[in-house]
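need the 3D shape of this:
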Amino acid sequence: MEKSSKNKKLVIYYSFEGNTKLIAETIASDIEADLLELKPQKELNSKGFMKYLWGGSQVMMKKKPDLHPLDKNPQDYDIIFIGTPVWAWTFAPPLKTFFSTVRFNNKKVALFSCNGGQNGKTFENMKAELEHNDIIGEIEFFEPLVKEREKDIHRVKEWTKDILKNL
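Next comes the predicted model:
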C-alpha cells in the first residue's frame, strides 16, 4: 500500500557509534517513516579520547564534511525527525553540511540527540538552522546502546506517539 502524500514522514540522522542509529531506526520502524542516513565521504576513524579531540576540533573549526549523495528529498515529506550525536555540546559536522546544502521550510520537525555527557546547545543550534519550520518536539538520550537501551526504546516510542497524536 502506497503511503498517503499527507503526513509523509522522514527520519534523517547521522550516527558515529550507533547510538543515534538505534533511535532513528526505532522511530522509523515505529511510525512507518522513511530513513535517510547522512554518510560522510570520509568518516572519522578515531576511538577513545582521540575521537573527542578530533570530533570537537571539527565542530570548533566549523567543518562541513562532504556527504554521500542523499537518496531522499526532505521537500517530499511533511514530518521530519532529525537526529545527531552531540559533539562539543552541539550537533555533529555532517548535520552542518546537511543544513548548509538542503533547505526546506514549513515542515513539522522533531529533534533528537544522543550524548555521553551533556546536550549543551544542540537543540538551540539545530532550531537556528531550521528557523522556517515548526519544531514539534525534542528529546535527548544518554548512550542508549550501553546504558538503558530498552527503557530508551520505550521512551522514544512514547515520544513519537505523543508527537503524532498532537498534530
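
for the longest helix along the chain, name the packing helices and strands.
Secondary structure assigned by DSSP state H gives helix 149-165 as the longest helix of the chain. With contacts defined as 3 or more CB pairs under 8 Å, 6 or more residues apart in numbering; DSSP states H and E, the packing partners of helix 149-165 are helix 19-31, strand 108-115, strand 134-142. All C-beta spots, glycine's among them, are computed from the backbone N, C-alpha and C.

from the rest of the structure, what touches that helix?
Contacts of helix 149-165 from elsewhere in the structure, counted by CB atoms under 8 Å, 6 or more residues apart in numbering, are 22-23, 26-27, 30-31, 79, 81, 110, 112, 136-137, 139, 141, 144.

so what's the closest residue to D34 other than its chain neighbours up against?
In space, not counting the residues next to it along the chain, D34 is nearest to L10; the distance is 5.0 Å by CB to CB, 6 or more residues apart in numbering. L10 makes contact with 33-36, 72, 74, 76-77, 79-81, according to CB under 8 Å, 6+ apart.

let's see that with 6 Å instead.
Residues touching L10, when contacts are defined by CB atoms under 6 Å, 6 or more residues apart in numbering, comprise 33-34, 77, 80.

before we move on, what about Q75?
Residues in contact with Q75, defined by CB under 6 Å, 6+ apart, are F104.

can you confirm it is in a strand?
No - secondary structure of Q75 (DSSP: H, G, I helix; E, B strand; the rest coil): helix, not part of a strand.

so how far is K8 from it?
Using CB to CB, to the nearest Å, one obtains 11 Å as the distance from Q75 to K8.

repeat for D162
Spatial separation of D162 from K8 under the definition CB to CB is 20 Å.

so which of those two has more stuff around it?
K8 (15 against 11; other CB atoms under 10 Å).

contacting residues around that one?
Contacts were defined as CB under 6 Å, 6+ apart; by that measure K8 touches 77-78.

pLDDT at it, what is it?
In the prediction, the pLDDT value recorded for K8 is 96.

quick check: phi and psi at it.
Dihedral pair for K8: phi -70, psi 130, per degrees, to the nearest 10.
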